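# model the structure of this input:
(2 chains)
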There are 2 protein chains.
Amino acid sequence: MAGDPVRFGIIGCAGIARKLCRAIALAPNATLHALGSRSVAEAQSFAAVNGLPGSVRLYGSYGAVLDDPLVDAVYLPLPTSLRAAWAVAAARKGKHVLLEKPAAADAAELDRILEACGASGVQFMDGTMWLHHPRTAKMMEIVSDRGRFGELKWINSVSTFAPDQEFFEDNIRMKPDLDSLGALGDLGWYCIGAFLWAAGYELPSAVSALPDVTRNSAGAILSCSAVLYWGSAHETAATFHCSFLAHVSMDLAVVASNGSLHLKDFTIPIEEGSASFEFTPSAKFVDLHIGWSVKPEKVLVPTELPQEALMVREFASLVQGIRDSGCSPESKWPEISRKTQLVLDAVKKSIDGGCILVHL
Amino acid sequence: MAGDPVRFGIIGCAGIARKLCRAIALAPNATLHALGSRSVAEAQSFAAVNGLPGSVRLYGSYGAVLDDPLVDAVYLPLPTSLRAAWAVAAARKGKHVLLEKPAAADAAELDRILEACGASGVQFMDGTMWLHHPRTAKMMEIVSDRGRFGELKWINSVSTFAPDQEFFEDNIRMKPDLDSLGALGDLGWYCIGAFLWAAGYELPSAVSALPDVTRNSAGAILSCSAVLYWGSAHETAATFHCSFLAHVSMDLAVVASNGSLHLKDFTIPIEEGSASFEFTPSAKFVDLHIGWSVKPEKVLVPTELPQEALMVREFASLVQGIRDSGCSPESKWPEISRKTQLVLDAVKKSIDGGCILVHL
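Have a look, this model is predicted:
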């Protein structure tokens, strides 16, 4: 019925699926309809541990979720190596696709997903949650006002955390055959996305990895860094570091010609109810250079829902428009994913080539 | 007489000299005795504008300051190209040398200065003020506690400000014949110094400039960036950006395996009376990754004197020890300057070589 909540099916019981179950429950226009795992027992266990309502249909295969005619949309938190096949299958079954990041192993694979979504007229969105926090919109008001903020000059981002020993032994990101991107895909995705966001989604002209890449014995990327350049003379640069070997840090610093913006928790806010950033507009040194004329302003942005619930709400709203009102899918989200993936590909190519400069 | 304040002579009337006049007045163990400029009229004008006491001897040449037997120590804010000659001359006259940064055009030149100071037994210190702020000591307690803070993984620093048009037309940093280092010497000096400080003054194994260097028509460096690496596999990296083309930013972020430290005003605190930094120890994500287990702690450090007055007090205290008690010069300060200059040389070599990797 028009206006009914979007019925989600979740394919795979990854840890992140727990967060999305909660997000779907919190979003006013979404409901969890089905969960598919490799066995019914696994799906039942996940449902019990996470207190899912009895109404959720539990399936012992991924395909069964796609075959359920009541499922409007799927959320896919499968390992990166499995995402493309299931995302394409979902699209072909007419299911809208909310895909965990990194969206694919590379842009060619993502293109196959996007083509399938386009052919079926379903909405695509990747699971980058921070883009949906109202803090992000508030920051964009500042960053996009180039008349006031000035030209971008230097951006820096850090996305790191130090998981427990179990992660290093068992997590799919430690196994290049299941996830060829490791920390670059899991964490570098955020940094690259933040740079593109700040640059108004203008692709960089070139990127270069830095030689500080660290791998485990299987070859998975545990940490790496890169620089992105914009402009004919590389006059704007952005550096990032992503790592499973460092203390949790989610820094974003944007320095422009007439202002700067800083935050330390851009991907996962320190607290759920509100998040902050610091904005320094038009500061100069006071006479004798013994202080600043303007203090950084701490901007606190409350949010009515956690960012992942806002993501689900936004995605579900687009799905409702398509399902109930004949709207077309919103092209912004696949475009953002594709640009992020293109830059990520270039960084990977630079790493694999020994830190060569890769032009886009 | 033993315990008498150290009598300073200032050689040159650069803008920064105004700040040092005030610092000398504020330091309890220092007094301004003489000021030398290229003409007596210029010295008189500077004295009048800055309200210097009538007791300050005003000289129409730099050499006259060195010939004044009552001058214990000189502060040299001359253009970089003139520093070495006058620092060596001052040392040979037995004057202790407080030298504005960058200490020299390159390490070879600095070595000549340090040799002259060593031969005369005078104290050498460069004018890096932030090292003397009590905030810096407080941060070092954290950073140096590797058992708690963990290993350094990634450091980022930004040192930028956007001067007025007059600066771009007239400032010595715009004239490569007077200052061959431009923004790298004036601002990159701080970033490099901060990295060495964080790394316990262990020299990096290699450095590389980034291709985003911008020069004016005369060839002066207006902005540049570089990466420093430590460890056999370059496993710790530090990036910096220094520029005259961006909004004032003085970021330092140190990410270690078990904590992080952030500040936005490391070289010139936003306010004089106190300065802060943020320290995040052992943070993890809470369950479901919907927040952090530990909030960054804002550490506020008051200071009894501005950092430049603390620098003068420290320098004067060392001079008093040498002058009054037969102490030897403190070797820590020239060693810090020399390491900073060595890394700066390597960055300059990388820039001049088209961003080659330069090993130290």
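# the stretch 151-300 of chain A: helices as residue ranges?
Counting by DSSP state H, counting those that start in this stretch, the stretch 151-300 of chain A has helices at residues A:165-170, A:182-183, A:189-198.
# can you pull out the strands in the stretch 251-360 of chain A?
Ranges of strands within the stretch 251-360 of chain A are A:259-263, A:274-281, A:297-302, A:357-359, based on DSSP state E, counting those that start in this stretch.
# quick one: buried residues of the shortest one?
Along strand A:357-359, these residues count as buried under the neighbour rule (16 or more other Cβ atoms under 10 Å in any protein chain shown): A:357-358. Every residue, glycine included, has its C-beta placed from N, CA and C.
# helices and strands around that strand, which ones?
Using 3 or more Cβ pairs under 8 Å, 6 or more residues apart in numbering or on different chains; DSSP states H and E as the contact definition, the elements that strand A:357-359 packs against are strand A:206-209, helix A:332-352.
# tell me who's in contact with the nearest residue to residue A:180 once chain neighbours are set aside.
Spatial nearest neighbour of residue A:180, chain neighbours left out: residue A:105 (5.3 Å); criterion: Cβ to Cβ, 6 or more residues apart in numbering or on different chains. Residue A:105 is in contact with A:80-81, A:84, A:180-181, counting by Cβ atoms under 8 Å, 6 or more residues apart in numbering or on different chains.
# export these to CSV and append columns for neighbour count, pLDDT and distance to residue A:4.
Listed next are these as CSV, based on neighbours: other Cβ atoms under 10 Å in any protein chain shown; pLDDT from 0 to 100; distance: Cβ to Cβ, whole Å:
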residue, neighbour count, pLDDT, distance to residue A:4
A:80, 23, 89, 32
A:81, 18, 90, 34
A:84, 23, 95, 30
A:180, 19, 89, 39
A:181, 25, 95, 37
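# widest-spaced pair of those residues?
A:84 and A:181 (13.2 Å; Cβ to Cβ).
# and stretch A:321-334, what's buried?
A:322-323, A:329-330, A:333-334.
# just how off-centre is that stretch within its chain?
20 Å (Cα atoms, centre = their mean, to the nearest Å).
# same check, this time on stretch A:328-343
Worked out by Cα atoms, centre = their mean, stretch A:328-343 lies 11 Å from the chain centre.
# same thing with stretch A:295-312?
Worked out by Cα atoms, centre = their mean, stretch A:295-312 lies 16 Å from the chain centre.
# CA atoms only for it, dumped as PDB, please.
Backbone C-alpha positions of stretch A:295-312 (Å, rounded to 0.1, in the frame of the first residue of the first chain) are rendered in PDB as follows:
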ATOM      1  CA  LYS A 295      38.600  31.500  18.200                       C
ATOM      2  CA  PRO A 296      37.400  28.200  16.600                       C
ATOM      3  CA  GLU A 297      33.700  27.900  17.000                       C
ATOM      4  CA  LYS A 298      32.400  24.600  18.300                       C
ATOM      5  CA  VAL A 299      29.200  23.800  16.400                       C
ATOM      6  CA  LEU A 300      27.100  21.200  18.100                       C
ATOM      7  CA  VAL A 301      24.500  19.500  15.800                       C
ATOM      8  CA  PRO A 302      21.800  17.400  17.500                       C
ATOM      9  CA  THR A 303      20.200  14.500  15.600                       C
ATOM     10  CA  GLU A 304      16.700  13.100  16.000                       C
ATOM     11  CA  LEU A 305      17.900   9.700  14.900                       C
ATOM     12  CA  PRO A 306      21.300   7.900  14.700                       C
ATOM     13  CA  GLN A 307      23.000   8.500  11.400                       C
ATOM     14  CA  GLU A 308      22.500   4.900  10.300                       C
ATOM     15  CA  ALA A 309      18.700   5.200  10.900                       C
ATOM     16  CA  LEU A 310      18.800   8.400   8.900                       C
ATOM     17  CA  MET A 311      20.500   6.500   6.100                       C
ATOM     18  CA  VAL A 312      17.800   3.900   6.200                       C
END
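# that one vs chain B: in contact?
Yes. Remark: stretch A:295-312 sits within contact range of chain B at A:295-296, A:306, A:308, by Cβ under 8 Å from any Cβ of the partner chain.
# avg pLDDT for stretch A:165-176?
Mean per-residue pLDDT for stretch A:165-176: 91.
# any idea how far apart the tips of that stretch sit?
18 Å (Cα to Cα, to the nearest Å).
# what are the contacting residues of it?
Taking Cβ under 8 Å, 6+ apart as the rule, stretch A:165-176 contacts A:79-80, A:163, A:178-179, A:181-183, A:185-186, A:216, A:218-220, A:244.
# repeat the analysis, applying 6 Å as the threshold.
Outside stretch A:165-176, the residues that touch it by Cβ atoms under 6 Å, 6 or more residues apart in numbering or on different chains are A:79, A:178-179, A:182, A:186, A:216, A:218-220.
# that stretch: which residues count as buried?
So stretch A:165-176, judged by 16+ other Cβ under 10 Å, has buried residues A:168, A:171-176.
# next, format these as TSV and append distance to residue B:41.
Shown next, in TSV, are the buried residues of stretch A:165-176 (distance: Cβ to Cβ, whole Å):
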residue	distance to residue B:41
A:168	71
A:171	73
A:172	76
A:173	70
A:174	73
A:175	76
A:176	73
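# residue numbers of chain A in contact with chain B?
Contact residues, chain A versus chain B (Cβ under 6 Å from any Cβ of the partner chain): A:18-19, A:153-154, A:156, A:158, A:210-212, A:225, A:227, A:234-235, A:237, A:239, A:241, A:246-249, A:251, A:253, A:255, A:257-260, A:268, A:270-272, A:283, A:288-292, A:295.
# buried ones among those?
A:18-19, A:153-154, A:156, A:158, A:210-212, A:225, A:227, A:234-235, A:237, A:239, A:241, A:246-249, A:251, A:253, A:255, A:257-260, A:268, A:270, A:272, A:283, A:288-292.
# residues in a beta bridge with the closest residue in space to residue A:155 that isn't next to it in sequence, which ones?
Leaving aside its sequence neighbours, residue A:155 sits nearest to residue A:238 (Cβ to Cβ, 6+ apart; 3.8 Å). When assigned by DSSP bridges, residue A:238 has beta-bridge partners residue A:155, residue A:228.
# residue A:238: what's it in contact with?
Contacts of residue A:238 (Cβ under 6 Å, 6+ apart): A:155, A:195, A:228.
# ok, the residues you listed vs chain B, which is closest?
residue A:155 (9.4 Å; Cβ to the nearest Cβ).
# can you check the pLDDT for that closest one?
98.
# so what's the residue count around it?
26 (other Cβ atoms under 10 Å in any protein chain shown).
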